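Engineer: Okay, sequence plus prediction incoming.
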Amino acid sequence: MKIRKLAFSLIEIVVVVTIIAIMVAVAVANFQGMNTRSRDARKIEDLNAIQKAMELAYDKLGGNYPADVSALLTTGTLEVWPVTPQGVAYSLSSTGTSYCVCIWMETNKGGNSTQYDDGCNHLTNDPNAPYYCVKNQQ
């Protein structure tokens with residue numbers, strides 16, 4: 001009489017569980033950095049929106065940049081001053097003839113400034129710079 005195999009062996013089960021564990025570990029590692037990268041992407045979008053609003057306000061104010069956030073909001077080029085996903089407000093430094101807005105990047109990649117400075121004097125092409133800044137285009 002022939003004995004039929006109706007179950008998986010212990011080795012087969014261990015191999016399958018090991019493969020699943022490796023796949024889960026890889027997926028978790030990828031998803032952990034995803035939140036950080038998405039927050040940094042939002043910061044860059046916010047700064048680009050602020051830059052566009054400042055340039056529109058420059059035209060509305062006859063060749064001068066708004067001196068502060070409230071002056072920018074009254075021009076109607078930006079409805080509300082954005083905050084980072086962590087709830088930190090972006091700080092605007094404006095002299096009327098120039099401006100700069102910087103924020104720290106969590107991933108320390110994708111920035112364009114080596115350190116925060118009200119004058120944006122540290123702009124760089126280093127892809128590992130920890131800050132992202134926008135400044136006047138005029």
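Structural biologist: Structure's in. What do you need?

Engineer: The residue at minimal distance from the centre of the chain and Leu73: what is the separation?
Structural biologist: The residue lying closest to the centre of the chain (CA atoms, centre = their mean) is Asp40, at 1.3 Å. Per CB to CB, to the nearest Å, Asp40 is found 25 Å from Leu73. Bear in mind the C-beta positions are built from the backbone N, C-alpha and C, glycine included.

Engineer: And the residue nearest to the centre of the chain, how far from Cys133?
Structural biologist: 14 Å.

Engineer: Thought Ile103 was touching the residue nearest to the centre of the chain, still the case?
Structural biologist: No: at 9.0 Å, Asp40 does not count as touching Ile103 under the criterion of CB atoms under 8 Å.

Engineer: How far off centre is the helix or strand hosting Leu47?
Structural biologist: Per DSSP states H and E, Leu47 falls inside helix 10-60. Remark: helix 10-60 is offset 10 Å from the chain centroid, using CA atoms, centre = their mean, to the nearest Å.

Engineer: Against which helices or strands is that helix packed?
Structural biologist: helix 69-74, strand 99-104, strand 131-135 (3 or more CB pairs under 8 Å, 6 or more residues apart in numbering; DSSP states H and E).

Engineer: what about the closest residue to Ser98 other than its chain neighbours, neighbour count?
Structural biologist: Distances taken as CB to CB, 6 or more residues apart in numbering put Asn136 closest to Ser98, at 4.6 Å, once the chain neighbours are dropped. The tally of other residues near Asn136 (other CB atoms under 10 Å) stands at 16.

Engineer: quick one, what contacts Asn136?
Structural biologist: 54-55, 58, 65, 97-100 (CB atoms under 8 Å, 6 or more residues apart in numbering).

Engineer: If we use 7 Å, what do you get?
Structural biologist: Listed by CB atoms under 7 Å, 6 or more residues apart in numbering, the contact set of Asn136 reads 65, 98-99.

Engineer: which of those residues are buried?
Structural biologist: 65, 99 (16 or more other CB atoms under 10 Å).

Engineer: Relative to Leu10, which of the contacts of Asn136 is nearest.
Structural biologist: Tyr99 (68.1 Å; CB to CB).
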